[in-house]
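Q: sequence below, structure please.
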Amino acid sequence: MRYTEAETVLGPLTLVAEAEALTAIYFPGHWTLPQGASFGERIGSPSQDPLFDDAARQLREYLAGERRGFELTTAPRGNDFQLAVWAMLRDIPYGQTTTYGALAVQLGRPGLAQTVGQAVGHNPLSIVIPCHRVVGSDGSLTGYAGGLERKRFLLELEEPPEAKEARLF
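A: The predicted structure follows:
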């Protein structure tokens, strides 16, 4: 395992990898860091590691509005339920949102919206697995491990032009 920090418009992101797969991306002040987190050897700069260099480049392109998806090998760690939820997050199209309840229904477990929310909150690959695209049942912004201001930034970044024009503020 190894890690580095990549500077972005959202602040420095901690990138974690094992072998040739990205396993985690964490914001400063991330709510759900793994307990006793040990990310292995620190790599001084993303440019010193081809995987981190590529991930940092793709993240910066995405955050600049130049990219809509990622072409990275990833290996998130979680239980079977979390992995199923995270797989569904990858299927939410760019510029669209869904709710925790809708994801629970999609899983065939409509009563588990809160449990789905917990799995979404523990997504270790923020941005790349787009957990920011999940909102409350009334469309409100709800918890985001990187903070609601970052979630708002990501949703506004992806917002279709016609929706931006329709907003009054």
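Q: what's the average pLDDT for stretch 88-105?
A: The pLDDT scores in stretch 88-105 average 96.
Q: so which bits of it are buried?
A: Neighbour-count burial for stretch 88-105 flags 88-89, 92, 97-104 (criterion: 16 or more other Cβ atoms under 10 Å). Glycine gets a C-beta too; all of them are placed from N, C-alpha and C.
Q: now that stretch, how far from the centre of its chain.
A: Its chain's C-alpha centre and that of stretch 88-105 lie 13 Å apart, by Cα atoms, centre = their mean, to the nearest Å.
Q: tell me the span between the first and last residue of it.
A: With Cα to Cα, to the nearest Å as the measure, stretch 88-105 spans 12 Å from end to end.
Q: begin at 738 from here
A: I'll keep to 738 as the first residue from here, and by that count the last item is stretch 825-842.
Q: can you list contacts of it?
A: 805-806, 822, 843-844, 847-854, 857, 860, 866-868, 870-874, 876, 879, 892, 895-897 (Cβ atoms under 8 Å, 6 or more residues apart in numbering).
Q: take these and keep only those in helices.
A: Applying DSSP state H to those, the entries found in helices are 822, 843, 850-854, 857, 892, 895.
Q: got the contact list for stretch 740-756?
A: For stretch 740-756, using Cβ under 8 Å, 6+ apart, the contacting residues are 738-739, 759-765, 767, 776-783, 785-786, 788-789, 792-793, 796-797, 800-801, 812, 861, 863-864, 883, 887, 890.
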